[in-house]
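Q: sequence-free structure coming up:
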Ligand SMILES: O=C(O)C(=O)C[C@]1(C(=O)O)C=C[C@@H](O)C=C1
């Protein structure tokens, strides 16, 4: 994205607002996609419960982390991308534990 700073190097308020609006739009997409991911997680959880498999699968998590990190075009943000997906999967595991605890079949 092009820089929009003035002579003193500070961003103009309208440019700040525009950049924040762009972030809001991206956040909206992220929420939609994460909702879809949580939905897919419920299906994985059902399959794992039927097969009596544990929620945690470190091998799969390592695979996910390597896969998504390699998709990030900016090497400088790889470490942050990795941390974001570690957090996503931690919450996925917490959600699965919640699903198991509230499962009407147990
Ligand atoms: O793939 C699985 O087995 C899942 O439970 C999904 C998921 C994920 O959110 O990607 C979550 C927990 C596991 O440790 C691995 C991956």
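A: Received the coordinates, thanks. As the structure is a computational prediction, the values presented were derived from the model and not from experiment. Residues are numbered from 1 along each chain as shown.

Q: any idea whether residue 9 is helix, strand or coil?
A: Taking DSSP: H, G, I helix; E, B strand; the rest coil as the rule, one finds residue 9 in the coil state.

Q: That one: neighbouring residues, count only.
A: Residues lying near residue 9 (other C-beta atoms under 10 Å) number 7. Every C-beta, even on glycine, is put in place using the N, C-alpha and C of the backbone.

Q: for residue 49, same thing?
A: Using other C-beta under 10 Å, residue 49 has 16 neighbouring residues.

Q: tell me the secondary structure for the closest residue to it other than its chain neighbours?
A: Of all residues not flanking residue 49 in the chain, residue 100 sits nearest, at 6.8 Å (C-beta to C-beta, 6 or more residues apart in numbering). Secondary structure, three-state DSSP: residue 100 is helix.

Q: Residue 100 contacts residue 45, doesn't it?
A: Yes: counting by C-beta atoms under 8 Å, residue 100 touches residue 45, with 7.3 Å between them.

Q: Pick out whichever of those two has more residues nearby.
A: residue 45 (21 against 14).

Q: The residue most central in space within the chain is in what secondary structure piece?
A: Nearest residue to the geometric centre of the chain (C-alpha atoms, centre = their mean): residue 88, 4.7 Å. Assigned by DSSP states H and E, residue 88 belongs to helix 78-102.

Q: close to the ligand, is that helix?
A: Yes: interface with the ligand: helix 78-102 contributes 89, 92, 93 (C-beta under 6 Å from any ligand atom).

Q: Which residues are in contact with the residue in the chain that the ligand sits nearest to?
A: Using C-beta to the nearest ligand atom, residue 92 is the residue of the chain that sits closest to the ligand, at 3.1 Å. By C-beta atoms under 8 Å, 6 or more residues apart in numbering, the contact list for residue 92 reads 37, 38, 41.
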